[in-house]
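Enquirer: Okay, sequence plus prediction incoming.
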Amino acid sequence: MLDTPSLLPPNATAFERAVERALSRVTAIDTPVSTLMDPATIDAAVLPFLAWHLSVDRWETDWTDAAKRAAVADAIAEQRRKGTPASVDRVLADFDDLLQLVEWHETTPRGRPHTFEIRLPLGADGGPRSRAAFADAIIRDVARVKPARSQGTLVQLIPVAGRAGIQSVARVLGETRLGMTYTDDRSQPWDALLQTENGEPIQSADGTYLDTRP
């Protein structure tokens, strides 16, 4: 039985009356409306929907619960910063402390207006910074917060040591770019190393050079 008089007409169908009975119990469902917009108290299962509602640009499912709540709590402030160098700097800081934003007027010679570079030094042993997935994630997240008119380039700085310079292709954000850093390192006894027919030293599986000396 309904606690309130029915508003359905006398000729209402059985289905319509069944829906009316079901909806009459809605008020008995606990709906914590006061917590639905609070990132600190909202249920973790509903947190992604609040992030979507507040237009959170960066969201990873493997983040900790605390990191997700912090991203939602900062959503409005982040939208105010969006499209500024400060917003790009915040994204870079989340990835790696060595990432550097260099705008067009900071380069020598000066670059094209409204362009920028994201510079990432890579270690000689590679590591996570050298992986394509890492570069792709940087490109994706920077593209979401950068000024709409700006075009950026991700430049991976690769140190090279040896008797011959090795040119390397850098990962990029908006265009193709070649980059290299060359150092003539004569401290290594290259003649004692096992080499290919092109004179390149051969490395073992652990990255050490194969030495022919007894």
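Expert: Great, that's in hand.
Enquirer: name the element residue 58 belongs to?
Expert: Taking DSSP states H and E as the definition, residue 58 sits outside all helices and strands.
Enquirer: please begin residue numbering at 13 from this point
Expert: Okay, using 13 as the starting number, the last item reads as residue 70.
Enquirer: List the residues that contact the closest residue to it other than its chain neighbours.
Expert: Nearest residue to residue 70, sequence neighbours excluded (CB to CB, 6 or more residues apart in numbering): residue 153, at 5.4 Å. For the C-beta atoms, the positions are set from N, CA and C on the backbone; glycine is no exception. Residues near residue 153 by CB atoms under 8 Å, 6 or more residues apart in numbering: 69, 70, 103, 106, 107.
Enquirer: Who wins on neighbours among the residues you listed?
Expert: Ranked by neighbour count under the definition other CB atoms under 10 Å, the contacts of residue 153 are headed by residue 103 with 23 neighbours.
Enquirer: was I right about that residue contacting residue 157?
Expert: Yes: under the criterion of CB atoms under 8 Å, residue 103 makes contact with residue 157 at 5.8 Å.
Enquirer: Next one: the residue nearest to residue 70 from residue 104, what distance?
Expert: Taking CB to CB, to the nearest Å as the measure, residue 153 and residue 104 are separated by 9 Å.
Enquirer: What of residue 83?
Expert: When CB to CB is applied, the distance between residue 83 and residue 104 equals 16 Å.
Enquirer: just the helices in this structure please.
Expert: In chain order, the chain shows helices spanning 26-35, 59-65, 77-85, 87-93, 97-107, 144-157, with DSSP state H as the criterion.
Enquirer: wait, doesn't residue 205 sit right on residue 220?
Expert: No: taking CB under 8 Å as the contact criterion, residue 205 and residue 220 are not neighbours in contact, 10.2 Å apart.
Enquirer: what about those two, which has more around it?
Expert: Set side by side, residue 205 and residue 220 give different neighbour counts by other CB under 10 Å, the larger being at residue 205 (16 against 8).
Enquirer: re earlier: turn the helices of the chain into JSON lines, including mean pLDDT and distance to residue 163.
Expert: Compiled in JSON lines, those are given as follows (pLDDT from 0 to 100; distance: least, CB to CB, whole Å):
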{"stretch": "helix 26-35", "mean pLDDT": "91", "distance to residue 163": "54"}
{"stretch": "helix 59-65", "mean pLDDT": "93", "distance to residue 163": "28"}
{"stretch": "helix 77-85", "mean pLDDT": "94", "distance to residue 163": "27"}
{"stretch": "helix 87-93", "mean pLDDT": "90", "distance to residue 163": "20"}
{"stretch": "helix 97-107", "mean pLDDT": "89", "distance to residue 163": "13"}
{"stretch": "helix 144-157", "mean pLDDT": "87", "distance to residue 163": "10"}
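Enquirer: Show me which helix or strand of the protein is least confident by mean pLDDT.
Expert: Least confident helix or strand of the chain, by mean pLDDT, DSSP states H and E, is strand 180-182 with a mean of 46.
Enquirer: show me where pLDDT drops low in this structure?
Expert: 13-15, 135-138, 171-203, 208-213, 215-219, 221-222, 224-226 (pLDDT under 70).
Enquirer: One more pass at 50, please.
Expert: Across the chain, residues meeting the criterion (pLDDT under 50) sit at 13, 177-182, 187-190, 192, 194.
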